[in-house]
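Undergrad: Sequence and predicted structure below; questions after.
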Amino acid sequence: MNIEFNKNEDKMKLLISAMEHKLEKIYLGGGKSRIEKLHEQGKMTARERIQYLIDKGSKTIEIGAFAGEDMYADHGGCPAGGVVVVIGYVSGRQCIIVANDATVKAGAWFPITGKKNLRAQEIAMENRLPIIYLVDSAGVYLPLQDEIFADKEHFGRIFRNNAIMSGMGILQISAVMGSCVAGGAYLPIMSDEAMIVDKTGSIFLAGSYLVKAAIGETIDNETLGGATTHCEISGVTDYKCKDDADCLTRIKNIMSKIGYFDKAGFNRIEPKAPQKNEQEILGLIPDAHDKQYDMNEVIARLVDDSDFEEYKEGFGQTIICGLTRIDGWSVGIVANQRKVVKSKKGEMQFGGVIYSDSADKAARFIMNCNQKKIPLVFLQDVTGFMVGSRSEHAGIIKDGAKMVNAMANSVVPKFTVVIGNSYGAGNYAMCGKAFDPRLIIGWPTAQIAVMGGAQAAKVLGQIEVASLKAKGEIITPEKEAELYNKTKDRYDSQTTPYYAAARLWVDAIINPLDTRKWISMGIEMANNAPIIKAYNVGVIQT
């Protein structure tokens, strides 16, 4: 390996180390003292509950670990959005687990908490995954209630989804392991199975203080809505559990007895490791986003036996398409080529840019994968579509629309990996978050924005300079440079993978070496949902 490879590998390892350091802090939730307080109450933390519940030694992936990162400093922060969401295996069955973190503001719901819960339910509905709720929450975080209560994608949408999933036959199990108050009390009771932990679990629409204030009744919380009340008097819950461990064991027992439903039938054979060394991925991605590399070399280290059957290899070369397998699953890959290539007409084309011919090729390949019932994997490192008179006259808008249409109407599941740049309409065409990938993940090198920081700073700087000059101000080169740097710094801070992950634009930032696991588990969950809709791309101009 050359010096450039070693530099890239060192940079990637530093980025991974920084990511893991951030995660270690996030995993502590509200901090060690609050964890100790939970233990004193005889309760497990959210992560301990999940760890107890899932099958030992089985694979897991966590959704939204960076949710809320650096978003609520004025309110003391909200690590992981105050809720832990994991896809894993319970009694051999793949499911999604949603656990309130009571160490973070007593499990109260911030706006990002609601968004993260809705994402978990979306995954369950799209893939017909059983969903397990481990409830321990003080309800809506009142200082921010106007950002979570009344809109379509706010708190109430959770209960709407409970009802929709019930109608779809998707199993929902709720365990009340702490507080469950006000509107939140409906979530466990709208589930198929509800259990409650004695002495620590409670369910009521209004606590004892509010009851006293509202109707003058004096009553303690345990009598009002504890385990004995709801298991023996009201009949609200189905099982009374003596402690957290007993409660989680009951969930395991239920999961071990549920039946199987029809599968989508995606093709899978015995998995093979890539023939080329997976570890070398870490040295393939350049340490700067404007440098070139060969995406084929990345693909060779992601796919089984490094075997890739490329589609239209000599045509539309700034997008690579082809059939392969990942962990045994048959997949179609659509990837941006990041090196400069020569077109069929002998013209040089920039890497990472979508041209008319590459958009046309990708559209055709996506339609072929839908015909063959093959899941799609998008590997993003794209700066956008090619601009200029030559591209416009060649019909770049038409060909781009064709690609977007084919991708958006896809009925096979889509999975997106943001490796590097994800800018502008390139983000959309390569199956960005707006186009419903079953999972979307980013590497620590990912950047998501309308355009790069330098380009944005030039455009915005020119506008600001023109505005100031129109007001009669004299703009020196130094002042212009100051405005440029200020804008670029602000814009760059908004293009980091952590900014995207905090807002759930991506489901996770991952070590590149975990990519195969994420895609494999993603296709396994998607295989639970049979395809019932015919593939129809509507009107596509040719």
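TA: Cool, the structure landed.
Undergrad: Excluding covalently adjacent residues, which one is nearest to Y311?
TA: Among residues not flanking Y311 along the chain, C321 sits closest, at 4.3 Å (C-beta to C-beta, 6 or more residues apart in numbering). Every residue, glycine included, has its C-beta placed from N, CA and C.
Undergrad: Torsion angles phi and psi at M19?
TA: phi -60, psi -50 (degrees, to the nearest 10).
Undergrad: show me the contacts for the closest residue to it other than its chain neighbours.
TA: Spatial nearest neighbour of M19, excluding adjacent residues (C-beta to C-beta, 6+ apart): P444 at 5.3 Å. Residues counted as contacts of P444 (C-beta atoms under 8 Å, 6 or more residues apart in numbering) are M12, L15, I16, A18, M19, P497, I509, N511.
Undergrad: Who are the contact partners of the nearest residue to D436 once chain neighbours are set aside?
TA: Excluding the flanking residues, the one nearest D436 by C-beta to C-beta, 6+ apart is K414, at 7.1 Å. Contact analysis of K414 by C-beta under 8 Å, 6+ apart lists P375, L376, V377, F378, M407, C431, F435, D436, P437, R438.
Undergrad: can I assume the third one sits in a strand?
TA: Yes. Secondary structure assignment places V377 in a strand (DSSP: H, G, I helix; E, B strand; the rest coil).
Undergrad: ok, now how distant is it from L302?
TA: 9 Å (C-beta to C-beta, to the nearest Å).
Undergrad: Need the residues touching each of those two.
TA: Common contacts of V377 and L302, defined by C-beta under 8 Å, 6+ apart, comprise I326.
Undergrad: Which of those two has more residues huddled nearby?
TA: V377 (28 against 25; other C-beta atoms under 10 Å).
Undergrad: Run a quick neighbour tally on D492.
TA: Residues lying near D492 (other C-beta under 10 Å) number 17.
Undergrad: Distance of it relative to Y499?
TA: The value you get for D492 to Y499, if C-beta to C-beta is used, is 10 Å.
Undergrad: Could I get the full set of helices for the stretch 401-542 of the chain?
TA: 424-429, 453-470, 477-493, 497-502, 515-526 (DSSP state H, counting those that start in this stretch).
Undergrad: Next, the buried residues of stretch 92-111.
TA: 93-111 (16 or more other C-beta atoms under 10 Å).
Undergrad: Give me the distance from that stretch to the chain's centre.
TA: 15 Å (C-alpha atoms, centre = their mean, to the nearest Å).
Undergrad: Next, the distance between the ends of it.
TA: Taking C-alpha to C-alpha, to the nearest Å as the measure, stretch 92-111 stretches 33 Å from start to finish.
Undergrad: same check, this time on stretch 36-55
TA: Stretch 36-55: ends 25 Å apart by C-alpha to C-alpha.
Undergrad: So which residues make contact with that stretch?
TA: For stretch 36-55, contacts defined as C-beta under 8 Å, 6+ apart pick out 27, 29, 35, 60, 83-84, 86, 88-92, 97, 99-103, 132, 134, 136, 177-178, 199-200, 243-245, 248, 251-252.
Undergrad: Narrow those residues to those in strands?
TA: 83-84, 86, 88-90, 97, 99-100, 132, 134, 136, 177-178 (DSSP state E).
Undergrad: Based on its surroundings, how many neighbours for the residue lying closest to G201 once chain neighbours are set aside?
TA: Counting by C-beta to C-beta, 6+ apart, V176 is the residue found nearest to G201 once chain neighbours are left out, at 4.1 Å. Per other C-beta under 10 Å, the neighbour tally for V176 reads 32.
Undergrad: V176: what's it in contact with?
TA: Neighbours of V176 in contact, by C-beta under 8 Å, 6+ apart: V135, D136, P188, A194, M195, I196, V197, G201, S202, I203, T237.
Undergrad: Closest to H75 out of those?
TA: Of all the contacts of V176, H75 sits closest to D136, with 19.3 Å by C-beta to C-beta.
Undergrad: Next one: the closest one, what pLDDT does it get?
TA: For D136, the pLDDT comes out at 95.
Undergrad: Who are the contact partners of it?
TA: Neighbouring residues of D136 by C-beta under 8 Å, 6+ apart: K43, A46, A99, N100, D101, A102, G107, V176, M177, G178, S179, C180.
Undergrad: who does the fourth one bridge with?
TA: Bridge pairing for N100 (DSSP bridges) gives the partners V83.
Undergrad: tell me the pLDDT at it?
TA: The per-residue pLDDT reported for N100 equals 96.
Undergrad: That one reaches A80, doesn't it?
TA: No. With contact defined as C-beta atoms under 8 Å, N100 does not count as touching A80 (10.7 Å).
Undergrad: ok so, going back, can I get the contacts of D136 in CSV with distance to E392?
TA: Shown next, in CSV, are these (distance: C-beta to C-beta, whole Å):
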residue, distance to E392
K43, 62
A46, 53
A99, 52
N100, 52
D101, 51
A102, 57
G107, 54
V176, 60
M177, 59
G178, 59
S179, 59
C180, 58
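Undergrad: Between those, which sits nearest A481?
TA: So of the contacts of D136, ranked by how close each gets to A481 (C-beta to C-beta), first place is D101, at 45.0 Å.
Undergrad: Disregarding residues adjacent in the polypeptide, which is nearest to that closest one?
TA: A46 (4.3 Å).
Undergrad: what do you get for F365?
TA: C321 (3.9 Å).
Undergrad: Name the SS class of the one you found, please.
TA: strand.
Undergrad: State the number of residues packed around it.
TA: Neighbours of C321 (other C-beta under 10 Å): 25.
Undergrad: surely it meets E310?
TA: Yes. Using C-beta under 8 Å, C321 is in contact with E310, at 7.1 Å.
Undergrad: so K344 is in which element?
TA: Per DSSP states H and E: K344 is located in neither a helix nor a strand.
Undergrad: how close does it sit to K398?
TA: For K344, the distance to K398 - C-beta to C-beta - is 19 Å.
Undergrad: Mind checking which of those two has more residues around it?
TA: Legend: neighbour count by other C-beta under 10 Å for K344 and K398, higher for K398 (14 against 10).
Undergrad: Specify the local secondary structure of the more buried one.
TA: For K398, the assignment made with three-state DSSP gives helix.
Undergrad: Let me know the pLDDT of it.
TA: K398 is given a pLDDT of 87.
Undergrad: let's have the chain start at 121 instead
TA: Let's use 121 as the start, then, which means that last one is K518.
Undergrad: any idea how far it is from K319?
TA: 66 Å.
Undergrad: what does H409 give?
TA: 55 Å.
Undergrad: between the two, which one's more packed in?
TA: H409 (20 against 14).
Undergrad: Please tell me how far that one sits from S137.
TA: For H409 relative to S137 (C-beta to C-beta), the value is 20 Å.
Undergrad: can you list the weak-confidence ranges in the stretch 121-270 of the chain?
TA: For the stretch 121-270 of the chain, applying pLDDT under 70 flags the ranges 121.
Undergrad: What ranges does it have for its helices?
TA: For the stretch 121-270 of the chain, the helices defined by DSSP H, counting those that start in this stretch occupy 123-146, 152-160, 166-173, 231-247.
Undergrad: Name the residues of the last one that are buried.
TA: The neighbour-count check on helix 231-247 (16+ other C-beta under 10 Å) flags 231-241, 243-247 as buried.
Undergrad: Over to the first one?
TA: Taking 16+ other C-beta under 10 Å as the basis for neighbour counts, the residues of helix 123-146 that come out buried are N128, E129, K131, M132, L135, I136, M139, K142, I146.
Undergrad: give me the low-pLDDT residue ranges for the protein?
TA: Low-confidence segments of the chain (pLDDT under 70): 121, 303, 513-514, 573, 577, 659-662.
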